[in-house]
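> Structure for the following, please:
(chains A and B)
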Amino acid sequence: MKLYAYCLTEGIDSPAESLTGINGSTVRLLNLNDFSLLVSDFAGDTVPVSRDNALAHAAVVRSVLDQTTPLPFRFGTLVTQQQLENYVTTRRDALQAKLELVRGCVEMSVKIIWDRPWTEEPPVTEPDKPGTAFLVEKRRELLGSETRAEEAKKIARWLTERLGEAVREKEFRANSTDKLLLTAAHLVERSRVEEYRSLLKNARLERPELHFLASGPWPPYSFANIDLEFKS
Amino acid sequence: MELSPETPRPAEPEIETSHVEEFVEQLRCVTDSLPSRINIDAQSVEQGLAKLVLTLIEFIRRLLEKQAVRRMEGGDLSPEQIEELGLALMKLEAKLHELKTQFGLTDEDLNLDLGPIGRLI
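Sure thing, here's the model as predicted:
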């Protein structure tokens, strides 16, 4: 029997009553060294990636967010208790530092769409030179892709400036779909969430050509990074 | 550390946008392209291996394309050389497309998430 690991946390006495995890299993608190981990028993070697399982994982992690800020494990983390013990022992300092970083904070997310063409108009090429036309088209695509990446960087810098000190830590990811340009994750102190929202609202008004999707507060999924390898 | 009584509790997550349909469409594209876990059985292992090999070939093919474009821009190729290079890369792209179809793979399948340093392609 393995353990399914949801998150690592501190300052929790017991999981919420009637809290169920993956496959409706009972979630329990495992205290190891200075850490508390939310886990449940799991029979099997892999966790199916399904909507129900993903929601169950998220619900367990979120259940402690009212009391403390957890470090979520990656979905599908299965380990033995011995592996978990080794993990928290050998990674103690790194995990303490991570908990220190997210303490008292939540994650806020911003996705930005900019619906505009990124490539120039295709040039006229000679029909009897297909190889040349192919390379000219590749050049056009390449330039479009570079322009898009450059704009994503500029918008990331602009957003950082606008949100100022309301953000403790940030992560950006340039996206691969045509329209979705940028995804940003912001680590925000709980007491500054309203200030953050207000600053973001002003930024949105400043750039009407950009379409925003703002969401949160979430557990700090983008800042946990504790899907490190487990070694028995 | 438990939060003190004065520390604000996070509210339920809110999602705010004036462009719901546009984001739903784009996020669907992103989730459709998320890699599913590979089950090591006789049927899937062949496709998993093909995916890995074709990903590396695709990566090298794109590098070659970029290099060819840079050389074309740099003016160190004659029109005949540009045509020849373009035809060779065109054939390579067609061949890779054929192999992808054969193994039931899409463009987005030929990518690897390298974690903190981003995606391969």
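
> Can you give me every residue that contacts A:Ser36?
Counting by CB atoms under 8 Å, 6 or more residues apart in numbering or on different chains, A:Ser36 touches A:Leu8, A:Thr9, A:Glu10, A:Gly11, A:Ile12, A:Leu29, A:Leu30. Just so you know, the C-beta spots here come from the backbone N, C-alpha and C atoms, and that holds for glycine as well.

> Any quick ChimeraX command for the buried ones out of these?
Only the buried entries of the contacts of A:Ser36 go into this ChimeraX selection, using 16 or more other CB atoms under 10 Å in any protein chain shown:
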select /A:8,9,10,12,30
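
> ok, so of the contacts of A:Ser36, who is nearest B:Lys91?
Closest approach to B:Lys91 among the contacts of A:Ser36 (CB to CB): A:Leu8, at 52.5 Å.

> that older thread, list just the nearest of the contacts of A:Ser36 to A:Ala203.
A:Thr9 (32.3 Å).

> and the closest one, what is it in contact with?
Counting by CB under 8 Å, 6+ apart, A:Thr9 makes contact with A:Phe35, A:Ser36, A:Leu37, A:Leu38, A:Val64, A:Thr68, A:Thr69, A:Pro70, A:Leu71, A:Leu99.

> Now it: phi and psi?
phi -150, psi -170 (degrees, to the nearest 10).

> Also A:Pro219?
The phi/psi pair for A:Pro219 (degrees, to the nearest 10) is phi -60, psi 160.

> Also the one 3 residues further on?
The main-chain torsion angles of A:Ser222 are listed as degrees, to the nearest 10 and equal phi -80, psi -10.

> Give me the distance between it and A:Val106.
Going from A:Ser222 to A:Val106 by CB to CB, to the nearest Å gives 11 Å.

> Sort out which residues of the host helix or strand of A:Gln82 are buried, please.
Using DSSP states H and E, A:Gln82 falls within helix A:81-90. For helix A:81-90, burial by neighbour count (16+ other CB under 10 Å) applies to A:Gln83, A:Leu84, A:Asn86, A:Tyr87, A:Val88.

> before we move on, what about stretch B:59-76?
For stretch B:59-76, burial by neighbour count (16+ other CB under 10 Å) applies to B:Arg61, B:Arg62, B:Glu65, B:Ala68, B:Val69, B:Met72.
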